[in-house]
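Peer 1: sequence unknown, structure follows:
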C-alpha cells in the first residue's frame, strides 16, 4: 500500500474517533514509521488517541485486506505517567512519545508529552543503566558461561544477539537518546559516543550474522562484558552491592 492510501485511511479512522468520542478526545496522532515518514509498503498504521479524564488504557488492533492498524487509547494521566518512566528499554520505546505526528491537537498535548520524556533526571537514567547491566547483561554473560560449560553451543547466537541489543540500550541510556525503530537499534547505536570497549565488535558481528563460530561468539561476548565492567567503573556506576545481602525493606 502506498502512503497516500494509508493517509486516507488514517484520516478516516481519526474522523470516526472524533465523531464517536467528541469532546472526550484531547489529541490524536500517528506514531511509528508513518509519523517519521519512513514506512515501507508493508508497514502498519499506528495511532495514538488521548482522552480527557483519568485511568483509561485500551487498544483496538485489526487487519483488513492489505493493511493492519493499531489504535491505542490512553487518558492523559496514564500516557504522561508512561512517558515519565525510564526503564531498560527506554531507548526503543520512548521515541513513540517524542515523534508523534499530530492529526488533532488543539491544546498542544503532544509537545507536553515530548517534554515529559526528555525532562527526566540523570539519576533515573543511571538507575536504568544499572538495570541493564545487573538485570540483563550480568544474567546473559552467566548464561553464556553455563552454555559453554555444558557444551550447549546452539544457544550462543541467541545470547550474543541479546547482549548486543542490551548493549545498544546501555549506550542509548547513557546518551539519553532514543532509536528511530527496532530495525535500526544496532546501526544507530554505533553513531553514539562513549560506547563500552568490545561493543563495536559484538554489534558488527550481530549485524552481519557472523554467529556460526561458537568460540568467536563467546570470546566477543566476554570481551564486551569486560568492557562494560570497565565502562561502569569509569563512570562511578556501582554494579555490585556493598552488603553481601542488602537491606530488604518490607512493602
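Peer 2: Cool, got the structure. Keep in mind it's a predicted model, so treat the numbers as computed, not measured.

Peer 1: For residue 63, see how far away the spatially most central residue of the chain is.
Peer 2: Residue closest to the average C-alpha location in the chain (Cα atoms, centre = their mean): residue 92, at 1.8 Å. Per Cβ to Cβ, to the nearest Å, residue 92 is found 24 Å from residue 63. Glycine gets a C-beta too; all of them are placed from N, C-alpha and C.

Peer 1: related to what we said a few turns ago, I'd like the next helix or strand past the helix or strand that contains the residue nearest to the centre of the chain.
Peer 2: Using DSSP states H and E, residue 92 falls within helix 90-93. Counting by DSSP H and E, the next helix or strand C-terminal to helix 90-93 is helix 95-98.

Peer 1: Give me the residues contacting whichever helix or strand comes after that next one.
Peer 2: Per DSSP H and E, helix 95-98 leads on to strand 101-104 as the next helix or strand towards the C-terminus. Residues outside strand 101-104 that contact it (Cβ atoms under 8 Å, 6 or more residues apart in numbering) are 10-11, 14, 18, 25, 27-31, 34-35, 47, 110.

Peer 1: Mind checking which of those residues are buried?
Peer 2: For these, a burial check counting by 16 or more other Cβ atoms under 10 Å picks out 10, 14, 18, 25, 27-31, 34-35, 47, 110.

Peer 1: how close does the nearest residue to residue 197 once chain neighbours are set aside get to residue 166?
Peer 2: Sequence neighbours aside, residue 227 is the residue nearest to residue 197 in space, at 3.4 Å (criterion: Cβ to Cβ, 6 or more residues apart in numbering). Look at residue 227 and residue 166: by Cβ to Cβ, they are 13 Å apart.

Peer 1: Residue 18 now?
Peer 2: Taking Cβ to Cβ, one finds residue 18 at 41 Å from residue 166.

Peer 1: quick revisit: in the helix holding residue 92, what counts as buried?
Peer 2: 90-93.

Peer 1: Repeat that for stretch 201-210.
Peer 2: Applying 16+ other Cβ under 10 Å to stretch 201-210 flags 201-203, 205-206 as buried.

Peer 1: Quickly name whichever of the residues you listed is closest to residue 217.
Peer 2: Minimum distance to residue 217 across the buried residues of stretch 201-210 is 7.4 Å, recorded for residue 205 (Cβ to Cβ).
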